[in-house]
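1. Below is the sequence, then the predicted model.
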Amino acid sequence: SVQQQQGDQLPRYVRVNTLKTTVEDAVDYLKRDGFTYLGQASSLGDLSLAERHFVRDLHLTDVLVFSPKTDFHDHFLYKAGHIILQDKASCLPAVLLSPPSGSHVIDACAAPGNKTSHLAAIMQNKGKLFAFDLDAKRLSTMSTLLLRAGVTCQQISNQDFLTVDPDSPTYKDVEYILLDPSCSGSGMVCLRDDASSADKEKQEARLQSLASFQLRCLNHGLRFPRLRRLVYSTCSVHTQENEEVVAACLRQNPGFRLVPLLAQWPERGLEPLTQCLRASATKTRTHGFFVALLEKHSGAGSPNQ
Ligand code: SAM
């Protein structure tokens, strides 16, 4: 399919795990390993690379970019947790939330934990990172990933985020939430989207049920009393799971507003939510993705104010 071809042609992105190494050391190691480093990219065109050539990304400083299909699964840097194999777009939420070192943070739908480990790196392992997921099997994968990545500030619970009590003393200092809930996955360019018209109705019903779950999670996240910022993301291209969910949430929570994100990012949320970011194979050379950052109005004591 066309999507399959696009997927095969996307650059390979690698996030440097700053809990274990630095970008400079990772670059040096890769050069000694026979890769050719071309410096920092300055345009999206610079991300089209020949085999065994690599650059530092132009938007995200901890991300290195390689030619399509470069495989790091058996590489020392991956096995030692120095690099994380993560699409560039999925590195946006933690960077945009950017919780300070020492802060209390919730990762609401965390497994398998790529964004959790990214948050921990940004927090320099200091503070508290509460991670929830419903799926025990995915949580055990996550434990392995976090151990390899050297993450130590996490507290993992096999719990439905919607049942986590925002008024519990445990979460009284939580100021930041990352919400990356289950979605259709329609942005993953390796997944085929060849639904026949008979399946279209089914797909529409599925999207509606996902969107209502996503909105419930968002509304729940905004109930934590000291919350300052919440980042919402999906790997979906559907407006129903992205702009429409965020717009409904903002209508229901007038104490919150959208933060304008990365002026230099080439693809925006659909009108009027242009503060948000979208990502795609054609416009950002990544999988399809959506990110919104919600912030409490200063002076707004409660979301109902
Ligand atoms: N953030 C993860 C990462 O970057 O590695 C990926 C998260 S994945 C898109 C969504 C996750 O939400 C799944 O692991 C799923 O089990 C979990 N999930 C679904 N419903 C949930 C709920 N009500 N509470 C907590 N987790 C839930």
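-> Perfect, thanks for sending it. Residues are numbered from 1 along each chain as shown.
2. hey, let's count contacts and neighbours off CA atoms from now on
-> Fine.
3. Is it correct that residue 77 is in contact with residue 83?
-> Yes: between residue 77 and residue 83 there is a contact at 5.6 Å, judged by Cα atoms under 8 Å.
4. These two: which is more packed in?
-> With neighbours defined as other Cα atoms under 10 Å, residue 77 and residue 83 compare such that residue 83 has more, 26 against 19.
5. ok, now how distant is that one from residue 95?
-> Between residue 83 and residue 95 the computed distance is 16 Å (Cα to Cα, to the nearest Å).
6. ok, now which ones touch residue 277?
-> 261, 265, 267-269, 290-292 (Cα atoms under 8 Å, 6 or more residues apart in numbering).
7. Please repeat the previous calculation with a cut-off of 10 Å.
-> Counting by Cα atoms under 10 Å, 6 or more residues apart in numbering, residue 277 touches 89, 92, 233, 260-263, 265-270, 289-293.
8. Need the mean per-residue confidence for stretch 280-289.
-> Per-residue pLDDT values over stretch 280-289 give a mean of 97.
9. With stretch 135-145 instead?
-> 97.
10. How about stretch 55-67?
-> Computed over stretch 55-67, the mean pLDDT rounds to 98.
11. buried residues in it?
-> Of the residues in stretch 55-67, 55-59, 62-67 count as buried by neighbour count, 16 or more other Cα atoms under 10 Å.
12. Measure how buried the residue nearest to residue 102 when sequence neighbours are not counted is and give me the count.
-> Nearest residue to residue 102 in three dimensions, chain neighbours excluded: residue 127, at 3.6 Å (Cα to Cα, 6 or more residues apart in numbering). Residue 127 has 18 neighbouring residues, counting by other Cα under 10 Å.
13. Angles on the backbone of residue 127, please.
-> Phi and psi for residue 127, reported as degrees, to the nearest 10, are phi 110, psi -160.
14. Stretch 220-227: end-to-end distance?
-> In stretch 220-227, first residue to last residue: 11 Å (Cα to Cα).
15. Revised request: answer the last question for stretch 43-50.
-> Span of stretch 43-50 from end to end, Cα to Cα: 16 Å.
16. can you list the residues that contact stretch 71-80?
-> Contact with stretch 71-80 is made by 12, 14, 16-17, 20-21, 26, 29-30, 82-85, 148-150, as judged by Cα under 10 Å, 6+ apart.
17. Name the residues of the stretch 151-300 of the chain found near the ligand, please.
-> Within reach of the ligand by Cα under 6 Å from any ligand atom, the stretch 151-300 of the chain has these residues: 160-162, 180-182.
18. which residues of the stretch 201-305 of the chain score low on pLDDT?
-> 299-305 (pLDDT under 70).
19. Which one of the residues in it is closest to the ligand?
-> residue 234 (6.8 Å; Cα to the nearest ligand atom).
20. Run through the bridge partners of that residue.
-> With DSSP bridges as the criterion, residue 234 is bridged to residue 290.
21. in terms of contact, does it touch residue 240 like I think?
-> No: the criterion here is Cα atoms under 10 Å, and residue 234 misses it with residue 240 at 11.2 Å.
22. rewinding a little: filter the contacts of stretch 71-80 to the buried ones?
-> 12, 14, 16-17, 20, 26, 30, 82-85, 148-150.
23. returning to that earlier point: please produce CSV containing the buried residues of stretch 55-67, extended by distance to the ligand and secondary structure.
-> Formatted as CSV, these follow (distance: Cα to the nearest ligand atom, whole Å; DSSP: H, G, I helix; E, B strand; the rest coil):
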residue, distance to the ligand, secondary structure
55, 23, strand
56, 21, strand
57, 19, coil
58, 21, coil
59, 19, coil
62, 16, coil
63, 15, strand
64, 18, strand
65, 19, strand
66, 21, strand
67, 23, coil
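24. which among those residues gets closest to residue 204?
-> Ranked by distance to residue 204 (Cα to Cα), those are led by residue 59 at 34.3 Å.
25. In this model residue 42 seems to touch the closest one, though I could be wrong.
-> Yes: under the criterion of Cα under 10 Å, residue 59 makes contact with residue 42 at 8.9 Å.
26. if I pick the residue positioned nearest the centre of the chain, what's in contact with it?
-> Nearest to the geometric centre of the chain sits residue 90, at 3.7 Å (Cα atoms, centre = their mean). By Cα under 10 Å, 6+ apart, the residues touching residue 90 are 114-115, 180, 233-235, 279, 286-291.
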